[in-house]
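>>> Mind folding the following:
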Amino acid sequence: MLLNCIVIKEDNSYSSLCPDVDVASEGETLIEAKNNLIEAVSLYIDSAIESHLPIIRTIPDSENPAIISPEIILDRSNIKVNVDVEEYA
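Residues are numbered from 1 along each chain as shown. Down below sits the predicted model:
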């Protein structure tokens with residue numbers, strides 16, 4: 001699954017956000033913030049599938065930093081998250 005990712009530089013760290021599923025993370029470097037986001041999104045998707053909840057839950061435009069404050073966005077990219085669905089009888 002390919003999802004949008006944005007990264008914002010904070011004072012001493014980087015914040016990462018996947019607006020497609022409203023999941024955020026952070027890291028000391030841009031790469032760490034993105035890797036932590038991939039892990040957080042993967043865990044969210046696994047939990048959503050197990051709980052029979054919707055996977056996609058985009059954040060409202062009024063809360064999306066990419067829309068309300070695009071000047072603070074350091075990086076925009078896509079993250080690839082593996083979605084393995086297994087069914088047990």
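>>> Look up the closest residue to I72, ignoring the ones flanking it.
Distance criterion CB to CB, 6 or more residues apart in numbering; nearest residue to I72, sequence neighbours excluded, is I8 at 5.4 Å. C-betas here are computed from N, CA, C, even on glycine.
>>> what residues are up against the residue nearest the centre of the chain?
The residue lying closest to the centre of the chain (CA atoms, centre = their mean) is C18, at 2.5 Å. By CB atoms under 8 Å, 6 or more residues apart in numbering, the contact list for C18 reads 3-5, 24, 37, 41, 79.
>>> Secondary structure element for the residue nearest to I72, which one?
Using DSSP states H and E, I8 sits in strand 2-9.
>>> list the buried ones in that strand?
3-8 (16 or more other CB atoms under 10 Å).
>>> Which elements pack onto that strand?
On a contact count with 3 or more CB pairs under 8 Å, 6 or more residues apart in numbering; DSSP states H and E, strand 2-9 meets strand 14-18, helix 30-50, helix 65-68, strand 73-80.
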